[in-house]
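Trainee: got a predicted structure here, sequence first:
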Amino acid sequence: MQVRYGISISTPGGYAEPGRVVEAATAAEEAWWEGLFVWDHLAYVWDVPSAEPWVVVGVRAAMLDDSERRLEKLSGDRTGKHSIRINKQWRICFRRTDAGPEDVWIVDHH
């Protein structure tokens, strides 16, 4: 699939709050945009908040319906936690709560 129309968001400033990215992603999906892209690096600007891009993407992914993502329940020492596969190598892991995802981290699966 080739993406023809997408929205790019940088994480410094207004989109440093993951909830704002979720709102933008939801609006983009409802308007049939084909992709939402988040800056893949950190930026430091004086007196301007900035978010870690992987956490922002993880929060958005955690808000999707289970059928829309590769959600997996973890076991062993990670029982009670979940992961979403980014690709064959990387996962976003988190603890699911009623308030949303908590304890979000990125794991190299291999």
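Mentor: It's in.

Trainee: alpha carbons only for contacts and neighbour counts from here, please
Mentor: Fine.

Trainee: give me the pLDDT value at the residue lying farthest from the centre of the chain.
Mentor: Distance to the chain centre peaks in the chain at residue 46, reaching 24.9 Å (criterion: Cα atoms, centre = their mean). Each residue has a pLDDT score; the one for residue 46 is 74.

Trainee: what does residue 76 give?
Mentor: At residue 76 the predicted local distance difference test score is 91.

Trainee: quick one: neighbours of it, just the number.
Mentor: Neighbouring residues of residue 76 were enumerated by other Cα atoms under 10 Å; the total is 6.

Trainee: just say helix, strand or coil for the residue positioned nearest the centre of the chain.
Mentor: With the centre of the chain defined as its mean C-alpha position, the nearest residue by Cα atoms, centre = their mean is residue 57, 1.7 Å away. Remark: residue 57 carries the secondary structure label helix [criterion: DSSP: H, G, I helix; E, B strand; the rest coil].

Trainee: only the buried residues of stretch 102-110, if you could.
Mentor: Buried residues in stretch 102-110, counted by 16 or more other Cα atoms under 10 Å: 104, 106.

Trainee: rounded mean pLDDT for it, please.
Mentor: Here the mean pLDDT over stretch 102-110 is 81, rounded to a whole number.

Trainee: go on, stretch 9-27?
Mentor: For stretch 9-27, the mean pLDDT works out to 79.

Trainee: again with stretch 52-65
Mentor: Over the span of stretch 52-65, the pLDDT mean works out to 71.

Trainee: just the CA atoms of the longest helix along the chain, as CSV, please.
Mentor: Ranked by residue count under DSSP state H, the longest helix found in the chain is helix 18-30. Once side chains and other backbone atoms are set aside, the C-alpha atoms of helix 18-30 remain, and they are given as CSV (Å, rounded to 0.1, in the frame of the first residue of the first chain):
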residue,chain,number,x,y,z
PRO,A,18,0.0,12.3,24.1
GLY,A,19,-3.7,12.9,24.5
ARG,A,20,-3.5,15.6,21.9
VAL,A,21,-1.9,13.2,19.5
VAL,A,22,-4.7,10.7,20.1
GLU,A,23,-7.3,13.4,19.3
ALA,A,24,-5.4,14.3,16.1
ALA,A,25,-5.1,10.6,15.1
THR,A,26,-8.8,10.0,15.8
ALA,A,27,-9.8,13.0,13.7
ALA,A,28,-7.4,11.9,10.9
GLU,A,29,-9.0,8.5,10.8
GLU,A,30,-12.5,9.9,10.7
